[in-house]
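Sequence first, predicted coordinates after that:
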Amino acid sequence: MRIAYCIHSIHKTGGKERVLSIKANYLADVLGYDVHIITAALKGRKPYFPLSPKVHVHDLRTPDRYVSAHSRYARALEKLLLQIKPDITVSTGCNEIYCLPALRDGSIKICEFHFSHEKYIQKYASTLPGRIYADIRTRKLEKAAAALDCFVLLTETDKKLWESIVPDARQIYNPLTFTTEATAALDSKRMIAVGRLDPIKNYPDMVKAWAKVHEKHPDWSLDIYGVGGMRKKIIRLIKAYGLEDCIQLRGRSTDIRTEMLSRSAMVMSSLGEGFPMVMLEASACGLPIVSYDCNCGPSEIIEDGKTGFVVKEGDVDALADGISRLIESEDLRHQFGRAAAAKSEEFRIEHIMPQWDILFRDLAARR
């Protein structure tokens, strides 16, 4: 079977790019699919994550991010699809989702949506003009999703949000991006947070929570891995709370697995997620996790009171209390860590990709 994935580019280090690369490799190398990745703006740059020689990459070099460019992008994409002749064309939730339903190349059109239904609301709705804009973008997205042959969500939580718009929406989790036989010893007095430094990750709440933790446990520290536009603001907040010695911004890591294995827990304070891959990776490393219960994902990865703590979004005191409970009980850390590693086995790629194989073959049979 021939599959074509559409994505803006694959030169970045994001979770969507990482997941696409391992899925494409598995489909090509293990399941024998003819896999094509179509980018809008790779522009001669190399894919950040390794791809199998069996995976074909095509770059349209055509803008896809502005309304004025959509018709040009749609024409270029349709022309390439007519040459490739895929059985199924897959949107990864980039701007190609808006033009796929109208393309007449004969392939089945689906989307694997790497965000949540509340994506624009979470990003823009803090002001009245932002709320209006978010509603417009959300309605446009809903219309595009309903016009596709199949719409696939990453979590059951998000699927419920979409079911009134796309009654036949499907749900398939992202697979683990690595496996590890080693697990964290959980004996260091250091915790880890991972994610880009932008408002949706809500690092100010994490800093405020750590200030409370620091009062009781001044010998513990937090390392934050990620880059982004909020770096200076976060640094100022760290200084305002006098936490320069116990919270460090570590930037980007090329080996986050190793960093996780040397910590004793993960903390997440996001206001919204699609499906937090770093949380899944932390679980595989045997780390207990303390997280806000945001849409979507944390409550489907963490079993509250078994593999970590999921607390009410915005409750800084509860976030700090969960962190302190893990600090104060080495036995609890180890109990949660073992359970987290066991839970992560459900997300191994050999368990997830057969679900995609079944879906693809079912859609092709209907065709």
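Structure's in. What do you need? Just so you know, these numbers come straight off a predicted model, no measurement behind them.

Only C-alpha atoms from now on, for both contacts and neighbour counts.
OK.

For burial, what's the neighbour tally of A102?
If you count neighbours by other Cα atoms under 10 Å, A102 ends up with 13.

repeat for D317
There are 17 residues near D317, going by other Cα under 10 Å.

For T177, give me its contacts.
18-19, 22, 281, 349 (Cα atoms under 8 Å, 6 or more residues apart in numbering).

got it, and K85?
Contacts of K85 (Cα under 8 Å, 6+ apart): 2, 105-107.

hang on, the earlier thing: tell me the most packed of the contacts of T177, by neighbour count.
E281 (23 neighbours).

element containing that one, please.
Assigned by DSSP states H and E, E281 falls within helix 277-284.

right, and the helix or strand after that helix?
Assigned by DSSP H and E, the successor of helix 277-284 is strand 289-292.

The stretch 51-200 of the chain: strands as residue ranges?
Along the stretch 51-200 of the chain, counting by DSSP state E, counting those that start in this stretch, strands occupy 55-59, 88-91, 108-113, 150-153, 170-171, 190-194.

Among the ones you listed, which comes closest to T254?
strand 190-194 (12.3 Å; Cα to Cα).

ok, and what's touching the closest one?
So strand 190-194 is contacted by 220-226, 260, 263-268, 278 (Cα under 8 Å, 6+ apart).

Give me the subset of the contacts of T177 lying in helices.
18-19, 22, 281, 349 (DSSP state H).

can you list these in a markdown table and add pLDDT and distance to I88?
Shown next, in a markdown table, are the ones in helices among the contacts of T177 (pLDDT from 0 to 100; distance: Cα to Cα, whole Å):
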| residue | pLDDT | distance to I88 |
| --- | --- | --- |
| R18 | 91 | 21 |
| V19 | 94 | 18 |
| I22 | 96 | 18 |
| E281 | 95 | 29 |
| I349 | 96 | 21 |
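
Would you point out the most distant pair within these?
I22 and E281 (14.2 Å).

ok, back up a step: which one (most neighbours) among the contacts of strand 190-194?
A265 (31 neighbours).

May I see the buried residues of stretch 242-261?
243, 246-249, 251-252, 257, 259-261 (16 or more other Cα atoms under 10 Å).

Which ones among those lie within helices?
Filtering these for helices - DSSP H - leaves 257, 259-261.

can you tell me which of those residues lies nearest to S299?
The closest of these, once distances to S299 are taken by Cα to Cα, is M260, at 20.4 Å.

what does the helix or strand harbouring L359 contact?
According to DSSP H and E, L359 maps onto helix 349-366. Residues from elsewhere that reach helix 349-366 (Cα under 8 Å, 6+ apart): 23, 26-27, 87-88, 108, 172-177.

contacts for the helix or strand bottoming out on mean pLDDT in the chain?
When the helices and strands of the chain are scored by mean pLDDT, DSSP states H and E, helix 119-124 comes last with a mean of 86. If you take Cα under 8 Å, 6+ apart as the criterion, helix 119-124 is touched by 130-131, 133-135, 137-138, 200, 271-272.

7 Å instead, please
If you take Cα atoms under 7 Å, 6 or more residues apart in numbering as the criterion, helix 119-124 is touched by 130-131, 134, 137-138, 200, 272.

Can I get that helix in PDB? Just the C-alpha atoms.
Extracted in PDB, the C-alpha atoms of helix 119-124 (Å, rounded to 0.1, in the frame of the first residue of the first chain):
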ATOM      1  CA  LYS A 119      -5.800  24.400  20.300                       C
ATOM      2  CA  TYR A 120      -6.800  27.900  19.200                       C
ATOM      3  CA  ILE A 121      -8.900  28.700  22.300                       C
ATOM      4  CA  GLN A 122      -5.900  27.800  24.500                       C
ATOM      5  CA  LYS A 123      -3.600  29.900  22.400                       C
ATOM      6  CA  TYR A 124      -5.600  33.000  21.700                       C
END
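
List the buried residues in that helix.
For helix 119-124, by 16+ other Cα under 10 Å, it's 119-122, 124.
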